[in-house]
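K.L.:
Need a 3D model of the following:
(chains A and B)
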Amino acid sequence: MTITLYNSLTRTIEPFAPLNAPNVTMYSCGPTVYNFAHIGNLRAFLFADLLQRTLRTVGGYDVRWVMNITDIDDKTIRDSAFGSQAWPTALGTQSDDPKKNLRDFTEYYTKEFVADISAIGIDRAHLYAMPNATDYMPQMQDLIRRIYEQGFAYIRSGSVYFDVAKWRKADVYGKLFTIDAENFQEGVRIDADEYDRESVSDFVLWKAQKDGEPSWDFEIGDTNCIGRPGWHIECSAMEYELLGLPFDIHTGGVDLKFPHHEDEIAQSKAGYGIEPTRYWCHNEFLEVEGKKMSKSLGNFFTLRDVIAKGIDPLDIRLLMLSAHYGTRLNFTFAGLESTRKARLRLQEYIYDLVEHINFDVNSMTDPAPQAIALREQVFAELANDLNTPKALAQIFTFINNNPVAGLQESEICGLIRFFRELNDVFAVFHFTQRPVVTAEPIPDDIQALATARWEAKRNRDFATADTLRKEVEARGFLIKDTKEGFVVERV
RNA sequence: GGAGACGUGGCCGAGCGGCUAGGCAGAGCUCUGCAAAAGCUUGUACAGCGGUUCGAAUCCGCUCGUCUCCUCCA
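P.N.:
Model prediction:
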């Protein structure tokens, strides 16, 4: 099925066609590992995951997916620096080697990151690579040299800068983002000591060493510029190395359009002579009370914060899938609760399907028209720029109109197969037998009260039964009557 | 100051000129002695004001409000 995608480069929805079907190459801007990811960050990775899963399942492609780990930048250096308050206690004492501190620090948060994305249903096996920037030092340096040799970079005080003014004469700077060069608001967010550059719009490719910071030798021109890479260069270098240029799709959050992705395009083209990719896909932000979730605003939740509140990570995944990736999504705990209920309803339906079947699903070859029609509709929505909300709506409409009790075996079979396939994209459903609720042990005295109530009820002494029920409820337990008897649960 | 978005019923969210999703909550009902759970039924909303059109939530203009980006950002 042909998939259409909104391309930030053309600002239109376009049919997606890979350069070498059935292979698709895709690069996603990953995390900077200086802290735990918050769920706003996670939306970007969930979007990339949704996209690659849809390409596999709906598009039938083989996807080579790369997500980088930024393990060197201002923040990782700052927080791993000797004496940093941000040094995780789990790591023990710091060494006196800045490089080792940086590596230990970023490895720690990388591990946590992988655990987080696994919890929300991103399968590490789907990733071809999760490269660390610091493992691609020679490639980054090679790219910077190429840019320098092409005349689009200059060296100042040991740093290497990209010459945007010069590049603008050779090519368009502002492909993803309309840049109004006249109205650059200068000064507010600029770290003064970094700015030996000729123009504010120039960006750094390589930063000169500062005392006590990790650094690498770098022979360029006729000097050794000891230092470390700038922010944008890693992506360009790793894309070239791991995917080759041009590759098919590049994903990231909208905030990365400028400057990060714009600079990436300029660097890659200036150095390699080729633009990195043809489809740029960006996800919108997760908001809290109408504002971007961010560390600086302090309105963020990490995954572990949310899990600690008893939230199932699958509900976070489904919540994100219930809004289109290109719109802002307002995060609330009420919304999470609403998503949980919706998910459980779908899950109940699947449990019902599983319960009503007593033969091997895979051996069934008869087409079940209803299931085929549903699959067509739902996959068409996914193919339509990943319209997950609409796809979910189709599924709910279907289950509302088709209770499991009224289905033929062939339909049940077809539906199970459909839901399994769907789960290759959604990854929020279970296909086991409905689990038996394992009641936690009930204190003997509560059990005795409940039993007494059951006796009273059987004797039709409802007044006593109600009194006992209230007593049990006052103690924090709930009695649920069933056909055969009763169960007691903690409220 | 510049650029770009957005504003849909109590909440979340589709919609891309006519057929006016879906979820959650609420209400009513069924089943239950009661309760719980479950199931069923039920909702014409598009910020405001103009305009275009046979017809506008959808297109255009203005107003109001909100957000994002403009070299830390998913």
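K.L.:
For the stretch 251-400 of chain A, give the residue positioned nearest to RNA strand B.
P.N.:
Closest contact between the stretch 251-400 of chain A and RNA strand B, by Cβ to the nearest atom of the strand, is at residue A:253 (1.8 Å). C-beta coordinates here come from the backbone N, C-alpha and C atoms, glycine included.
K.L.:
what's the distance between that residue and residue A:150?
P.N.:
Distance of residue A:253 to residue A:150, computed by Cβ to Cβ, to the nearest Å: 30 Å.
K.L.:
okay, these two: which has more neighbours?
P.N.:
The residue with more neighbours, out of residue A:253 and residue A:150, is residue A:253; 21 against 16, by other Cβ atoms under 10 Å.
K.L.:
quick one, what contacts that one?
P.N.:
A:29, A:43, A:44, A:282, A:283, A:285 (Cβ atoms under 8 Å, 6 or more residues apart in numbering).
K.L.:
Make TSV from the residues you listed and add neighbour count and distance to RNA strand B to it.
P.N.:
As requested, the contacts of residue A:253 are exported to TSV (neighbours: other Cβ atoms under 10 Å; distance: Cβ to the nearest atom of the strand, whole Å):
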residue	neighbour count	distance to RNA strand B
A:29	22	5
A:43	24	4
A:44	27	4
A:282	22	7
A:283	26	6
A:285	19	4
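K.L.:
Which residue is the nearest non-sequential neighbour of residue A:212?
P.N.:
Nearest residue to residue A:212 in three dimensions, chain neighbours excluded: residue A:98, at 6.0 Å (Cβ to Cβ, 6 or more residues apart in numbering).
K.L.:
That neighbour - how many residues pack around it?
P.N.:
The local packing of residue A:98 (other Cβ under 10 Å) involves 18 other residues.
K.L.:
just checking, it touches residue A:83?
P.N.:
No: contact criterion Cβ atoms under 8 Å: residue A:98 and residue A:83 do not qualify, at 11.5 Å.
K.L.:
Just the residues contacting stretch A:23-31, thanks.
P.N.:
A:18-19, A:37, A:41, A:44-45, A:48, A:51-52, A:55, A:59, A:61-70, A:113, A:130, A:235, A:238-239, A:242-244, A:247-253, A:256, A:260, A:276-277.
K.L.:
re the thing from before, just flag the most distant two among the contacts of residue A:253.
P.N.:
Farthest-apart pair in the contacts of residue A:253 is A:29 and A:285; separation 14.4 Å (Cβ to Cβ).
K.L.:
Just put the contacts of residue A:253 in JSON lines and tack on secondary structure, pLDDT and distance to residue A:446.
P.N.:
Putting the contacts of residue A:253 into JSON lines (DSSP: H, G, I helix; E, B strand; the rest coil; pLDDT from 0 to 100; distance: Cβ to Cβ, whole Å) gives the following:
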{"residue": "A:29", "secondary structure": "coil", "pLDDT": "95", "distance to residue A:446": "54"}
{"residue": "A:43", "secondary structure": "helix", "pLDDT": "96", "distance to residue A:446": "43"}
{"residue": "A:44", "secondary structure": "helix", "pLDDT": "96", "distance to residue A:446": "47"}
{"residue": "A:282", "secondary structure": "strand", "pLDDT": "96", "distance to residue A:446": "55"}
{"residue": "A:283", "secondary structure": "strand", "pLDDT": "96", "distance to residue A:446": "49"}
{"residue": "A:285", "secondary structure": "coil", "pLDDT": "92", "distance to residue A:446": "48"}
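K.L.:
Let me have these in CSV, extended by distance to residue A:489.
P.N.:
Converted to CSV, the contacts of residue A:253 look like this (distance: Cβ to Cβ, whole Å):
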residue, distance to residue A:489
A:29, 46
A:43, 35
A:44, 39
A:282, 46
A:283, 40
A:285, 39
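K.L.:
show me where the stretch 51-200 of chain A has helices.
P.N.:
A:74-80, A:98-119, A:137-149, A:164-170 (DSSP state H, counting those that start in this stretch).
K.L.:
residue contacts, residue A:370?
P.N.:
Residues near residue A:370 by Cβ under 8 Å, 6+ apart: A:402, A:411, A:414, A:415.
K.L.:
mind listing which of the residues you listed are in strands?
P.N.:
Secondary structure assignment by DSSP state E places none of those in strands.
K.L.:
Of those residues, which are in range of RNA strand B?
P.N.:
When these are checked against RNA strand B using Cβ under 7 Å from any atom of the strand, none falls in range.
K.L.:
Show me these that map onto helices.
P.N.:
Judged by DSSP state H, helices contain the following of these: A:411, A:414, A:415.
K.L.:
which stretches of the stretch 251-400 of chain A have low pLDDT?
P.N.:
Residues of the stretch 251-400 of chain A that meet the criterion pLDDT under 70 lie in A:358-367.
K.L.:
Verify the stated contact: residue A:283 with residue A:44.
P.N.:
Yes: Residue A:283 lies in contact with residue A:44 (Cβ under 8 Å); the separation is 5.4 Å.
K.L.:
Mind listing the shared neighbours of these two?
P.N.:
The contact lists of residue A:283 and residue A:44 share A:251, A:252, A:253, where a contact means Cβ under 8 Å, 6+ apart.
K.L.:
next structured bit after the helix or strand containing the second one?
P.N.:
Put plainly, it is residue A:252. Under the criterion of DSSP states H and E, residue A:252 resides in strand A:247-253. Moving toward the C-terminus from strand A:247-253, the next helix or strand (DSSP H and E) is helix A:262-272.
K.L.:
Just the CA trace of that following helix, in PDB.
P.N.:
What follows is helix A:262-272, C-alpha atoms only, in PDB (Å, rounded to 0.1, in the frame of the first residue of the first chain):
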ATOM      1  CA  GLU A 262      18.800  23.300   8.400                       C
ATOM      2  CA  ASP A 263      22.500  23.200   9.400                       C
ATOM      3  CA  GLU A 264      22.600  19.500   8.800                       C
ATOM      4  CA  ILE A 265      21.500  20.000   5.200                       C
ATOM      5  CA  ALA A 266      24.000  22.800   4.600                       C
ATOM      6  CA  GLN A 267      26.900  20.800   6.100                       C
ATOM      7  CA  SER A 268      26.200  17.600   4.300                       C
ATOM      8  CA  LYS A 269      25.700  19.300   1.000                       C
ATOM      9  CA  ALA A 270      28.800  21.500   1.500                       C
ATOM     10  CA  GLY A 271      31.000  18.600   2.500                       C
ATOM     11  CA  TYR A 272      29.600  15.600   0.600                       C
END
